[in-house]
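> I need the structure of the sequence given here:
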Amino acid sequence: MHENYKECLEILSAQFEEINGCAFYHELFPDNESTEERYQDFSHPNAIYLYKDDDDLGTRRRLRRRIMLDDTWESDYTDFVEHNPMTLCSGLTYRRRSNTMENAQCMNALVIDLDGVGATELNTLLLRVGGDPELPARYPLPTFVVLSGSGIHIYFAFDKPIDLYPNIKLQLKKYKYELTYRMWEYKATSKIKQIQYHGINQGFRMVGSLNQKYGTEVKAFRSGERVTLEYMNQYVKPEFRVDVNKPFKPSQMTRKQAHEAYPEWYQRVIVEGDKRIKKWDIAGKQGDKLYQWWLRKADEMREGHRYFYLMCMAIYACKCDVPKKQLREDMKDALIILNRIPHAADNDLTEDDIESAIEAYSKEYYNFTLDDIEKLCDLRIERNKRNGQKQSDHLEEARAIRDIRMKRQGRNWRDGNGRPSARQTVLDYRQANPEATKAECNRATGLDPKTIRKWWSCPPGFTREDMKQMADWEYYLCAGQTREEAEAAAREAEEDLSEFMPEIQGRRI
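Modelled structure (predicted):
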């Protein structure tokens, strides 16, 4: 049992009433449909939860999804949630049968996650909740405090659900980021320095289930009453408050005007009826450069943000049309780097985390913003400054300035700027360490795992063209072998060189 858990359990048990998981979710989601109702007009959204099923052991399926129906909840709780080592549920309700952000319809509770909370941090937090919001370091009084393992989940259950219109989703996300920033204070309310931000659709371990990392039960305690949005707004600055008085402002433009102003949009949405989010054409303009750039960021991550790095890797792969098969292999390479970053001994990332992160390979994340990625990964990303110009005009100007400066100095900008190849580094390492693995080469040289794979099987003195030719049976046929011998040799070469030259994989002999 985690030491933080034992300390916090003693404090919360002495001060507050414990509530069991079945009653907790009945209270959090009082308007779930029953089996007989099942409205077809989306007027009654339901909570949806994820759970681990023993039947899925040995398969790629990680969690199952289930709707929380009112009349079957007690038996479902016993069968699927209670003492289950992995269950997740957010504070939102959804239309249809999937808990995607697109289907999110109402927010019943806002949930803040604080990690690294022990006795000192919990006591500080409880002293600061409630009271005058004008005073410094004051937070709203939560409805429930949930013990999760090494930290706590703080639930603010609303007196009435908040309708999630598109602009309200954005406001609530902004509000949650700000409240997390205020409540997560290093050496005061958390032992961990790096703040971990979560979106409003984030699922959390369910009350009554088990935390398999620490072998602890997730417990809930009632700490206050339901809250209003007006009450919650008092505890953040005006620019972060949520305004639901104008949940949606329809366009004043007529269809004829829209047709003239946005002909491409009109054809796609009005004529063809395609109302899905339009994907930015990153792959068409840049290929996978953006994805490759993100792969090089792995060693900049810190504890608490390593999983979100994998999730953002899946987002960038989706943006750049990188196949899932390649993404999964790249994630395995990144796992080696991420697990070398200092972190708690019992908190290694595993292939289960890869399968979970790959769920972000979805159209819902096509247009995930740079600001969101910075928040999730606690990473500052410098923006390109074009001074309001098109990229082509900006680059033309920048190159002209570069050439003028170099001419004044009597130099050529290309001199000394050729990037040295990593090929020789890999070959030298293999020659000195013939029994070494790629992972050991990565640790010794610091080269990117993909770069190591690229050159691992390349014999000294061979070029890329040589390697391509070796996978062609005609090469062996010309060398005096029979057709059968040539085909067999080419197959063997293709298998040996598939890691070095990914583009020859699947080439027909």
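
> how near is Arg402 to Lys289?
Arg402 sits at a distance of 21 Å from Lys289 (criterion: Cβ to Cβ, to the nearest Å). Using the backbone N, CA and C atoms, a C-beta is placed for each residue, glycine as well.

> next: Thr189.
Distance, Thr189 to Lys289, by Cβ to Cβ: 41 Å.

> helix, strand, or coil at Tyr155?
Assigned with DSSP: H, G, I helix; E, B strand; the rest coil, Tyr155 falls in the strand class.

> hang on, the earlier thing: neighbour count winner among Thr189 and Lys289?
Applying other Cβ atoms under 10 Å to Thr189 and Lys289 shows that Thr189 carries more neighbours, namely 23 against 12.

> hmm, the more buried one is touching Leu114, no?
Yes. With contact defined as Cβ atoms under 8 Å, Thr189 reaches Leu114; the gap is 6.2 Å.

> what residues are shared contacts of the two?
Residues touching both Thr189 and Leu114 (Cβ atoms under 8 Å, 6 or more residues apart in numbering): 121, 125, 183.

> restricted to helices, list those residues.
Judged by DSSP state H, helices contain the following of the shared contacts of Thr189 and Leu114: 121, 125, 183.

> name the nearest of those residues relative to Ala261.
Taking Cβ to Cβ as the measure, Ala261 sits nearest to Met183 out of these, at 44.1 Å.

> contacting residues for the closest one?
112, 114, 125, 139, 154, 189.

> tell me who's in contact with the last one.
This points to Thr189. So Thr189 contacts 114, 117, 121, 124-125, 128, 183 (Cβ under 8 Å, 6+ apart).

> same thing but 10 Å
Contacts of Thr189 were listed using Cβ atoms under 10 Å, 6 or more residues apart in numbering, and they are 114, 116-117, 120-126, 128, 137, 139, 152, 182-183.

> highest neighbour count among those?
In terms of neighbours by other Cβ under 10 Å, the contacts of Thr189 top out with Ile152 at 28 neighbours.

> that one reaches Asp113, doesn't it?
Yes. In this structure Ile152 lies within contact range of Asp113 using Cβ atoms under 10 Å: 7.9 Å.

> can you redo the contacts of Met183 as a markdown table with distance to Tyr197?
Shown next, in a markdown table, are the contacts of Met183 (distance: Cβ to Cβ, whole Å):
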| residue | distance to Tyr197 |
| --- | --- |
| Ile112 | 10 |
| Leu114 | 12 |
| Leu125 | 18 |
| Tyr139 | 16 |
| Ile154 | 14 |
| Thr189 | 15 |
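
> which of these sits closest to Glu260?
Distances from Glu260 to the contacts of Met183, taken by Cβ to Cβ, are shortest for Ile112, at 46.6 Å.

> dump the residue contacts of the closest one.
139-140, 142, 152-156, 176, 179-180, 182-184, 198, 204.

> can you tell me which of these are buried?
Applying 16 or more other Cβ atoms under 10 Å to the contacts of Ile112, the neighbour count classes 139-140, 142, 152-156, 176, 179-180, 182-184, 198, 204 as buried.

> coming back round to it: among the contacts of Ile112, which pair sits farthest apart?
Farthest-apart pair in the contacts of Ile112 is Arg182 and Phe204; separation 19.4 Å (Cβ to Cβ).

> next, count neighbours for Lys237.
Using other Cβ under 10 Å, Lys237 has 9 other residues around it.
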